[in-house]
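Participant: show me the folded form of this:
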Amino acid sequence: MTEQHPSAPARGKSGHPAGGVEHVTEPHHDHFVVVGNHLAQHPELSLTAIGLAVHIQSLPAKSPIGIKALAAKFPEGEIRVAAALRELEAHGYLARTKERLQSGRVVTRTISFNKPERASARAAAEPVRRPEPAPRPAVVSSTAVDLLAGLRADDPRLLLNERDVHLLAPAVSAWLERGVPPTAVQRALTNGLPKEPIMNPAALLAHRLEALLPPPLPSPARRPALIRPDPLQTCDGCERAFRSARPGRCRDCRPLGAAA
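Facilitator: This next block holds a predicted model:
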C-alpha cells in the first residue's frame, strides 16, 4: 500500500498517544500494490473477502485464482474462499464469465477491478455471454438444493438467492454423503443463530457447513466367516441322523461299537 492518511489525531496535548493505532509509514519503491480505502475499509465485506481482494490485485496477470488454487495457498478452506469470491463479485470487485474456446472447451474468465464503479461500466459495455447450461444435479444434490431453499421457512433471515443455493449445495451434499439425515443438517444450520440481523446468510451458512462437518462414518466391522455345520450322517448302529464330518456311528452307539 502507498502513503496512508489516518483520520484519528496522532497525539494528545500531553505528548502521549490518545489511543488507537499508530502508523509507522515508509514509502515502497517496488513490490507493492495500491489499494483504495473503499476496499480496505469496506463496511459490508468480510475480512476474508478484503484480504482476498488485496491478494488478487497484487498478482500478475494470468495468475490462477480459482477456488482450488486459492484454497491450496491459504488456511481457509474451499467453502470460505468461494464465499469470499461471491462477496467480491456482488460488490463489483470481481467479474467471472464462462467462455467457450474454439476447441469446444469451456473456461472461466475472471476480471479483477481495483475500483468497483469501473466494473459496472465495463460490464455494461461488454456483450452478454450466456452461461453454459449446468448439468442436472444428482439425487443427493437435489436434496441439498431443496434443503437450502427451504431454510427461509425456519428463519426469514436465511433467504438465499438461486446462485448461493447452488454454490452451497456441494457442501450440504458432503454432509448427506456422510450419513447425516437432512433434518440433522437443517438443525445444524438453523440452531443458535445470532439475534442481530444477518447481513450475509450465505457466508454464515458456508462457515457452519465447513466448521461443523462431521467425520465420515467408520467402516462397518467385518463379520466373522460363517462356520458351516457338519453334514448329516446316518448312524451305522441305530440309523438315526447325526452330524459328523465322516460316516460312522452316533455318540450313543460309539461305546457299543467299541465293545463289539
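
Participant: low-confidence ranges, the stretch 151-260 of the chain, go.
Facilitator: Applying pLDDT under 70 to the stretch 151-260 of the chain flags the ranges 221-223, 236-238, 256-260.

Participant: neighbours of residue 248, how many?
Facilitator: 15 (other Cβ atoms under 10 Å). (Glycine included, C-beta is placed from N, CA and C.)

Participant: I meant to write residue 39 there.
Facilitator: There are 20 residues near residue 39, going by other Cβ under 10 Å.

Participant: looks to me like it is in a helix.
Facilitator: Yes. Assessed by DSSP: H, G, I helix; E, B strand; the rest coil, residue 39 belongs to a helix.

Participant: wait, isn't it in contact with residue 50?
Facilitator: Yes. Contact criterion Cβ atoms under 8 Å: residue 39 and residue 50 qualify, at 6.3 Å.

Participant: residue contacts, residue 167?
Facilitator: 82, 86, 202 (Cβ atoms under 8 Å, 6 or more residues apart in numbering).

Participant: same deal with residue 219?
Facilitator: Contacts of residue 219 (Cβ under 8 Å, 6+ apart): none.

Participant: distance-wise, check it relative to residue 184.
Facilitator: 21 Å (Cβ to Cβ, to the nearest Å).

Participant: may I see the buried residues of stretch 101-121?
Facilitator: Using 16 or more other Cβ atoms under 10 Å as the test for burial, stretch 101-121 gives 110, 112, 113, 114, 116, 119.

Participant: find the nearest non-adjacent residue to the fifth one, please.
Facilitator: By that I understand residue 116. residue 92 (3.1 Å; Cβ to Cβ, 6 or more residues apart in numbering).

Participant: what residue is smack in the middle of this structure?
Facilitator: Geometric centre of the chain, nearest residue: residue 79, 3.3 Å, by Cα atoms, centre = their mean.

Participant: out of the buried residues of stretch 101-121, which sit inside strands?
Facilitator: Judged by DSSP state E, the subset of these located in strands is 110, 112.

Participant: domain-wise, how is the chain divided?
Facilitator: In terms of domains, the chain is parsed into 37-125, 139-211 (source: automatic domain parsing).

Participant: in TSV, list those domains along with distance to residue 243.
Facilitator: Listed next are the domains of the chain as TSV, based on distance: least, Cβ to Cβ, whole Å:
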stretch	distance to residue 243
domain 37-125	60
domain 139-211	42
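
Participant: what about the helices in the stretch 101-250 of the chain?
Facilitator: For the stretch 101-250 of the chain, the helices defined by DSSP state H, counting those that start in this stretch occupy 116-125, 139-149, 151-154, 162-177, 182-190, 201-211.

Participant: tell me the buried residues in the last one?
Facilitator: Of the residues in helix 201-211, those scored as buried under the neighbour-count criterion (16+ other Cβ under 10 Å) are 201, 202, 203, 204, 205, 206, 207, 208, 209, 210.

Participant: in the stretch 1-150 of the chain, mark out all the strands, start to finish.
Facilitator: Under the criterion DSSP state E, counting those that start in this stretch, the stretch 1-150 of the chain contains strands at 94-100, 106-112.

Participant: just give me the closest of the buried residues of helix 201-211 to residue 21.
Facilitator: residue 203 (26.2 Å; Cβ to Cβ).

Participant: separation between that closest one and residue 176?
Facilitator: 21 Å.

Participant: repeat that for residue 161.
Facilitator: 22 Å.

Participant: compare these two (neighbour count), which wins?
Facilitator: Remark: of residue 161 and residue 176, residue 176 carries more neighbours, 18 against 12, as counted by other Cβ under 10 Å.

Participant: that one contacts residue 185, correct?
Facilitator: Yes. With contact defined as Cβ under 8 Å, residue 176 counts as touching residue 185 (6.9 Å).

Participant: tally of neighbours for residue 141?
Facilitator: 17.
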